[in-house]
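>>> With the sequence up front, the predicted model follows.
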Amino acid sequence: MTADLPRTASTVIVGGGIVGAATAFFLGDRGESDVVVLERATLGSGTSKGGLGGIRHQFVDELDVRLSLMATAFWREFHTFTGGTHEFEERGYLFIATTREGLAQLREPLPLYERLKVPVEMLDRADIERLVPGIRTDDLAGGRLCARDGYGDPVTALACFAAAATLEGVRFFEGTDVDALIREGDRVTGVRCGNATIACERVLIATGCWTAALAATASVAVPVWPYRRSIMESGPIPHLAATPLVIEWESGFHFRPKEGRVRFAPPNLTTEGKVEKGPAGPPASFEELTFPPLDVPPSLEPWVKERAAHRHRSFADLEIRDAWSCYYEMTPDDHPVVGRVPELAGLYIAAGFSGHGFMHVPATAQLIVEEMLDGRAATLDITDLSLERFRTGRRPFTATVL
Ligand SMILES: Cc1cc2nc3c(=O)[nH]c(=O)nc-3n(C[C@H](O)[C@H](O)[C@H](O)COP(=O)(O)OP(=O)(O)OC[C@H]3O[C@@H](n4cnc5c(N)ncnc54)[C@H](O)[C@@H]3O)c2cc1C
């Protein structure tokens, strides 16, 4: 594959996940066709293939909600922009709380939603039963719904972005591992793949949880690391096809319908069987991480069956037909790095989306393209997503893993 690589390009995108493919599309859309995307395996074979496809506005930080608003405006018109469809459905996200404290936490961001005109409402048990017939509510304190939330299909969306970008002239190379960034003084001037090099004006690192090692080849420290999460899929349960994505606030357990089946996203379990909603903390170093195996922990299936049966009567005799694990691409504040690398001209990063890289990608990809082509992202101020925050210790976000 490397024999066919061009020697020059205006932009090299490393990583053919949803972020790389969407950015290629937005570059092509701006008339930048001399773009190559280099993917070490196959398009979408990283984290993007394993996601649940949830799309929500219900965050606690304003920038996240603004990114969601920008992204969902695009998702609604996805077909117009890319010519494809990916099962995007605005069926809502329903958070349910079993405790009064949980319910109070769900209420906290309501003023933010009101200010940003996101239609979010608090629900009582009767509302929840009407919305999801058969759900158990006797242990619930209440819930919160945004009917404009929903879900889509990450792999199909990726394929549509890549196809549209190809029509715009972007070239994709699979089976092409980028070994190193080429740095000359305070510039990145290209990439090296085995014996081949590509000289370019700019490089975007869109390598998900693998970002730290690649950035380190240009002496740039990026705190992104992998955290395994798993999904399970049921046999046919077609009567739940129109339900919202349901999330237990306290446990993090969530499920959504998918093509007549249901997909479950459990939290991780500790060796003692306790719920672990996110990693305990960042590792001591990022570049030399060995990745844990990507099997599905055996303890998860019985936990999912029990939790699901507790929550909904249709899951009483749940049959799990498929299960897989993928890596969340974590950062210390559960928010991505999106932007230029301040000290190194020509180098940009869009990685570390910590469990919500799919839903926001129409926004983050457009914004990183603005930063690349116009000098700064103008549609939305993304200064807070800069790598600099991890150097200064500034923490503009509330860390939350879902
Ligand atoms: C279980 C699970 C559930 C999720 N649910 C949701 C959800 O409901 N909603 C949501 O928005 N998000 C969700 N996510 C998160 C979302 O899937 C990710 O944030 C998103 O897919 C990240 O995309 P990416 O392109 O940054 O990374 P990836 O898809 O991992 O792509 C990076 C690519 O870079 C390639 N690569 C790495 N290093 C190199 C190199 N040196 N040279 C060439 N190629 C390289 C890799 O092979 C990979 O294909 C979930 C994730 C998981 C694991």
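Received, thanks. Numbering: from 1, shown residues only.

>>> Show the pLDDT at the nearest residue to V401 once chain neighbours are set aside.
Among residues not flanking V401 along the chain, G278 sits closest, at 3.2 Å (C-beta to C-beta, 6 or more residues apart in numbering). C-beta coordinates here come from the backbone N, C-alpha and C atoms, glycine included. Among the per-residue scores, G278 holds a pLDDT of 89.

>>> repeat for the one 3 residues further on
According to the per-residue confidence, G281 scores 86 in pLDDT.

>>> May I ask which helix or strand encompasses it?
Counting by DSSP states H and E, there is no helix or strand that carries G281.

>>> The residue nearest to V401 touches R229, doesn't it?
No: using C-beta atoms under 8 Å as the test, G278 is too far from R229 to be in contact (9.7 Å).

>>> what does the stretch 301-402 of the chain have sitting close to the ligand?
Counting by C-beta under 6 Å from any ligand atom, the stretch 301-402 of the chain comes close to the ligand at 326-329, 351, 353, 355-359.

>>> list the contacts for the spatially most central residue of the chain?
Computing the C-alpha centroid of the chain and ranking residues by C-alpha atoms, centre = their mean puts G357 first, at 1.9 Å. Counting by C-beta atoms under 8 Å, 6 or more residues apart in numbering, G357 touches 17-19, 47-48, 51, 208, 329, 336, 364.

>>> Recalculate using a threshold of 10 Å.
Contact analysis of G357 by C-beta atoms under 10 Å, 6 or more residues apart in numbering lists 17-19, 22, 47-48, 51, 154, 206, 208, 328-329, 336, 350-351, 364.

>>> Show only the entries of those found in helices.
Residues of the contacts of G357 located in helices (DSSP state H): 18-19, 22, 154, 364.

>>> any residues touching the lowest-mean-pLDDT helix or strand in the chain, and which ones?
Least confident helix or strand of the chain, by mean pLDDT, DSSP states H and E, is strand 275-276 with a mean of 93. If you take C-beta under 10 Å, 6+ apart as the criterion, strand 275-276 is touched by 227, 248, 250-253, 266-270, 303, 307, 401.

>>> Do any residues in that strand lie close to the ligand?
No: applying C-beta under 6 Å from any ligand atom, one finds strand 275-276 out of contact with the ligand, separated by at least 13.8 Å.

>>> Could you number the chain from 59 rather than 1 from now on?
Sounds good: first residue 59 from here, last item strand 333-334.

>>> Who does that strand pair with, and is each partner parallel or antiparallel?
According to DSSP bridges, strand 333-334 forms sheet pairs with strand 326-327 (antiparallel).
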